[in-house]
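K.L.:
A predicted structure for the sequence below; I have some questions about it.
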Amino acid sequence: MLNIQLLCIGKLKEDYLRMAAAEYQKRLGAFCRLTVTELPPARLPETPSPAQIEAALAEEGKRILALLSPRTEVIALCIEGKLLSSEALSETLQSLAVGGASEVAFVIGGSYGLAPAVKQRARLRLSMSPMTFPHQLARVMLLEQVYRAFMIAGGGKYHK
């Protein structure tokens, strides 16, 4: 069974988002071992300078990278990432598993994105959409898409 780790900067604050994430986490239990780790965002002033943002991203990046084993396949969610269909995401996860990967980590950064070091560590940079979504909603969307990917791979009726 594939181990999937979801590393996120920040917590889910809204009850409805926590409930939606919990539902997909429960559903995913039939297909993988899922771990969700929430990391606190780096502290920044109200209007940070570019240098402060860069330093915050570097700090967050170090904490993210410290949680990854050398054998973990990393998928970083970032705006400049590749757009995949649900079917293509399913194929990607299945290809990783068939190729011998036992651990896959999806990484969602904070409001300023991800550190370059995290993006470099990633096997795949994934974009959810050209549109902008709140990071908290992106987490729920990602969990749903991972669940959908497993349903597609298993020939389930969830995906139409």
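P.N.:
Thanks, I have the structure now. Residues are numbered from 1 along each chain as shown.
K.L.:
Phi first, then psi, for the spatially most central residue of the chain.
P.N.:
Most central in the chain under Cα atoms, centre = their mean is Phe106, positioned 3.1 Å from the mean C-alpha point. Geometry field for Phe106 lists phi and psi as phi -100, psi 130, criterion degrees, to the nearest 10.
K.L.:
contacting residues for it?
P.N.:
4-7, 75-77, 126, 142, 146 (Cβ atoms under 8 Å, 6 or more residues apart in numbering). Every residue, glycine included, has its C-beta placed from N, CA and C.
K.L.:
do the same with Tyr147
P.N.:
By Cβ under 8 Å, 6+ apart, the neighbours of Tyr147 are 24, 27-28, 31, 158.
K.L.:
circling back: so the residue nearest to the centre of the chain versus Ile64, what's the distance?
P.N.:
From Phe106 over to Ile64 the distance is 11 Å, taken as Cβ to Cβ, to the nearest Å.
K.L.:
try Lys11
P.N.:
Applying Cβ to Cβ to Lys11 and Ile64 gives a distance of 15 Å.
K.L.:
Looking at these two, which one has more neighbours?
P.N.:
Legend: neighbour count by other Cβ atoms under 10 Å for Lys11 and Ile64, higher for Ile64 (25 against 13).
K.L.:
The more buried one reaches Ala115, doesn't it?
P.N.:
Yes: using Cβ atoms under 8 Å, Ile64 is in contact with Ala115, at 7.4 Å.
K.L.:
about what we covered before: so what's the residue nearest to the centre of the chain bridging to?
P.N.:
Counting by DSSP bridges, Phe106 is bridged to Leu6, Ile75.
K.L.:
State the pLDDT value of it.
P.N.:
With respect to pLDDT, Phe106 scores 98.
K.L.:
what about the helices in the chain?
P.N.:
15-28, 50-66, 86-98, 116-121, 135-153 (DSSP state H).
K.L.:
how many neighbours does the nearest residue to Ala117 once chain neighbours are set aside have?
P.N.:
Once flanking residues are discounted, Ala117 sits nearest to Gly61: 4.7 Å by Cβ to Cβ, 6 or more residues apart in numbering. As a burial measure, Gly61 scores 22 neighbours (other Cβ under 10 Å).
K.L.:
wait, Gly61 sits on Ala115?
P.N.:
Yes: counting by Cβ under 8 Å, Ala115 is a contact partner of Gly61 at 2.6 Å.
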